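Trainee: Mind folding the following:
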Amino acid sequence: MKQALVIAASLLLGFQAGNSSVLAQPMVVHQAPVVCLAAPGVESDRPLVSRIGRPDPAVMDIFSGAGASAFSVHDLTEDELILVEKALGKLPRLHRDVLRRHLRRLSFLDLQPGAGSALTSRAGLDDASMQFDITLRASLLDESLAKFLNDKESRLFADDDSGFSVEFDAGQSDALTYILLHEANHIVDQVIALTADTAGPFRSKVWKDLRAIAPPHDASLAAKNPFRRARPIPLRYAPAYYESLANSPFVSFYATAAATEDVAELFAWQQLASRFDQSLTITIRDNQRLILHRYEPLETPFALLRFGDVQAVFEKYEQACRRVGGSA
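Mentor: The predicted model follows:
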């Protein structure tokens, strides 16, 4: 994978992709001034659903090079097209406006289990381009959020005969809405430089640079997981790891992979919680199914504090659009 070109690769090759997903950033130090992007532009009048198409051959090469095999382009059915259109419509105004100007193509692939979930890349793999492609695993179209999270999190742990289990409960929510929020935010991040602002709320006191976690959080168990190239965690230690995560700035273990994944997770979960009343519970049980540890990652003090930083970005954007009279 060319690191200057690929913006986000979610579980493309086990955990290696998660750790190589934070990459090209605008060459700025501080966040760019908030400018409304709703004014008419070259791309702004094209509906987002019109960007659906076959992936760039270079993107196919990335999947092949990351270990995926026997995959093919997925042509959406009429019902699937409706699902995608609805999911795109759930994106917040900032994300829709950014995608209208900067999303070149949205594609779907039929992939074997474990071959990956999503890829956000610069169009044509050109590191100077500000046009982007998002490529998604097609089975996300009918996958629940709970199943997606349980499958993803299970890769963190090694079976140690303890009989412990980790279970996510996300209600009846779909995975597609979460994935689009997360991947779209990688493009938003590139355009308005959220994680490039070293003094901003998404970097300060949390990240030393785009990959290195700042102290004291770098010493916590939460920072020692396979998304950060650590070995899989024996299941017997799951309660201690999740207790550490609950006392960290990170809303998920995947958020520890890099600063760009952290901000994508924050924006996705903040929107799900604030706009769609999403609840999320993680329960660890022993071999008798007795509860050892349970917590709600969207309700921790750190999460609520950082969700406030996310909300501030949306409010500044709305104010900028009101000043220029930009339509929603």
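
Trainee: What segments of the protein are helices?
Mentor: With helices called from DSSP state H, the chain shows them at 16-19, 57-65, 78-89, 93-102, 145-154, 175-192, 238-246, 259-276, 301-324.

Trainee: okay, the ones you listed in CSV with distance to Ala138 next?
Mentor: (Each C-beta comes from the backbone N, C-alpha and C, glycine too.) Shown next, in CSV, are those (distance: least, C-beta to C-beta, whole Å):
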stretch, distance to Ala138
helix 16-19, 18
helix 57-65, 12
helix 78-89, 8
helix 93-102, 20
helix 145-154, 13
helix 175-192, 10
helix 238-246, 31
helix 259-276, 20
helix 301-324, 29
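
Trainee: what pairs with Leu103 across the strands?
Mentor: For Leu103, the beta-bridge partners are Phe132 (DSSP bridges).

Trainee: Nearest to Leu37, out of the helices of the chain?
Mentor: Taking C-beta to C-beta, helix 93-102 is the member of these nearest to Leu37, at 4.0 Å.

Trainee: relative to helix 259-276, how tilted is the closest one?
Mentor: Helix 93-102 and helix 259-276 are oriented at 130 degrees to each other (axes from the mean of the first three to the mean of the last three C-alpha atoms, to 10 degrees).

Trainee: before we move on, back to that, so which of the helices of the chain gets nearest Ile134?
Mentor: helix 175-192 (5.0 Å).

Trainee: tell me the mean pLDDT for the closest one?
Mentor: For helix 175-192, mean pLDDT is 97.

Trainee: which other helices and strands contact that helix?
Mentor: For helix 175-192, the packing partners by 3 or more C-beta pairs under 8 Å, 6 or more residues apart in numbering; DSSP states H and E come out as strand 6-10, helix 78-89, helix 93-102, strand 118-122, strand 132-137, helix 145-154, helix 259-276.

Trainee: now the last one, how far from the chain's geometric center?
Mentor: In terms of C-alpha atoms, centre = their mean, to the nearest Å, the gap separating the centre of helix 259-276 from the centre of its chain is 8 Å.

Trainee: What of the second one?
Mentor: With C-alpha atoms, centre = their mean as the basis, helix 78-89 stands 19 Å off its chain's centre.

Trainee: Same check on the fifth one?
Mentor: Counting by C-alpha atoms, centre = their mean, strand 132-137 is centred 12 Å from the centre of its parent chain.

Trainee: Provide the contact partners of that strand at residue level.
Mentor: Around strand 132-137, the neighbours that count as contacts under C-beta atoms under 8 Å, 6 or more residues apart in numbering are 7, 55-56, 59, 63, 102-109, 111, 115-123, 176, 179-180, 183-184, 186-187, 190.

Trainee: Now, of those, which are buried?
Mentor: Among the contacts of strand 132-137, those classed as buried by 16 or more other C-beta atoms under 10 Å are 7, 55-56, 59, 63, 102-109, 111, 115-123, 176, 179-180, 183-184, 186-187, 190.
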